[in-house]
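S.K.: any chance you could fold what I've pasted below:
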Amino acid sequence: METRAVIKFFFQQGKAPKEIHAILTETLGKYAPLYATVNNWVAQFKHGDFSTYDAPHLKQPKTVTTPEIVVQIHELILEDRRILVKSMAEQLGISRERVGSIIHEDLDMRKLVTKWVSKCLNADQKRQGCQSSKQLLEFFRRNPNYFLSQLVTMDKTWL
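M.R.: Coordinates of the predicted model:
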């Protein structure tokens, strides 16, 4: 709250978010908020919300990682590999930080372009990917002019 009050003070003096962030970084060093945080607070102040307190939450988020929650998050990802962390957090009633922690630490996944994928492929997945690539390359070598017109997938992003 104190940092937010300082951000509010500098905002009211007409300073830009970059200037505010630079001042806070110079003063607080590694304890300074991120630029994105400063920018978010300045945006709230611009919209007329001058409160420096967090808005009350409707329900207390869960803070314990249980096997059931890990399974639920994994199922949500398998249903839609493009699902957002925010969406999963809202569906499960837990914090985004907790969802992110479960995805990265417990499920060992990361976001690649727009999809959640496993960080490490097992030997069978590597072999299968290699075989698929070789088959596609052979198909291309036989018919380069008709390669894309003959290649049909159910999901255009698969290839």
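S.K.: how about the longest helix belonging to the chain: buried residues?
M.R.: Across the chain, the longest stretch assigned as helix under DSSP state H is helix 123-142. Residues of helix 123-142 classed as buried by neighbour count (16 or more other Cβ atoms under 10 Å): none. Using the backbone N, CA and C atoms, a C-beta is placed for each residue, glycine as well.
S.K.: tell me the mean pLDDT over that helix?
M.R.: Averaging pLDDT along helix 123-142 gives 83.
S.K.: CA atoms of the next helix or strand after that helix as CSV?
M.R.: Toward the C-terminal end, the helix or strand that comes next after helix 123-142 (DSSP states H and E) is helix 147-150. This file holds the C-alpha atoms of helix 147-150, laid out as CSV (Å, rounded to 0.1, in the frame of the first residue of the first chain):
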residue,chain,number,x,y,z
PHE,A,147,2.4,-31.2,-51.1
LEU,A,148,0.2,-28.7,-49.2
SER,A,149,-3.0,-29.4,-51.3
GLN,A,150,-2.8,-33.1,-50.5
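S.K.: what residue in the chain is the furthest from its centre?
M.R.: In the chain, the greatest distance from the average C-alpha position (Cα atoms, centre = their mean) is reached by R142, at 41.2 Å.
S.K.: output the contacting helices and strands for the helix or strand of the chain with the lowest mean pLDDT.
M.R.: Using mean pLDDT, DSSP states H and E, the weakest-scoring helix or strand in the chain turns out to be helix 147-150, at a mean of 71. Applying 3 or more Cβ pairs under 8 Å, 6 or more residues apart in numbering; DSSP states H and E, we find helix 147-150 packed against helix 123-142.
S.K.: let me see the residues that make contact with the least confident helix or strand of the chain.
M.R.: F139, F140, N143 (Cβ atoms under 8 Å, 6 or more residues apart in numbering).
S.K.: would a markdown table of those residues with distance to G14 be doable?
M.R.: Output for the contacts of helix 147-150, formatted as a markdown table (distance: Cβ to Cβ, whole Å):
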| residue | distance to G14 |
| --- | --- |
| F139 | 63 |
| F140 | 60 |
| N143 | 65 |
